[in-house]
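Engineer: sharing a model that was predicted from the sequence below.
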Amino acid sequence: MATVTYHIVEHDGGWAYRVGGAYSETFASHDEARAAAAEAAAEQRVAGETTDILYEDAHGQWLVEQAKGGDRPDTEVEEG
């Protein structure tokens, strides 16, 4: 199973969390950013409904995949 890590980092004159290359909004304090990251990480673990996903790949071909609602990643929050 994949693990998604939320990193707490200084960003834009404040604090944010980063997942991959994407940053959250900026928070005034480290504690606020950590709390927001913990909430986002918890929400990402919540199971949903199984559904089909339609998307276009890099070659312009349309593909359909089934996304299983219970297939959720592990998450963690780390100091950046």
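Structural biologist: Cool, got the structure. Numbers count the residues shown, from 1 in each chain.

Engineer: pLDDT weak spots in the protein?
Structural biologist: 1, 80 (pLDDT under 70).

Engineer: who are the packing partners of the lengthiest strand in the chain?
Structural biologist: Longest strand in the chain, counting residues (DSSP state E): strand 3-11. Counting contacts by 3 or more Cβ pairs under 8 Å, 6 or more residues apart in numbering; DSSP states H and E, strand 3-11 packs against strand 14-19, helix 30-44, strand 74-79. For every residue, glycine as well, the C-beta is placed using N, CA and C.

Engineer: for the longest one, packing partners?
Structural biologist: Right, the one you point to is helix 30-44. Packing contacts for helix 30-44, counted by 3+ Cβ pairs under 8 Å, 6+ apart, involve strand 3-11, strand 14-19, strand 74-79.

Engineer: for A41, which of those is the nearest?
Structural biologist: With Cβ to Cβ as the criterion, A41 lies closest to strand 74-79 of the helices and strands packed on helix 30-44, at 3.8 Å.

Engineer: list the strands paired with the closest one, with their directions.
Structural biologist: Strand 74-79 has its sheet partners listed here by DSSP bridges as strand 3-11 (parallel).

Engineer: what about T5, distance to E32?
Structural biologist: 19 Å (Cβ to Cβ, to the nearest Å).

Engineer: meant to ask about Y17, not that
Structural biologist: Y17 is 10 Å from E32, by Cβ to Cβ.

Engineer: got the phi and psi for G60?
Structural biologist: Backbone torsions for G60, taken as degrees, to the nearest 10, come to phi 80, psi 10.

Engineer: sweet, I'm off.
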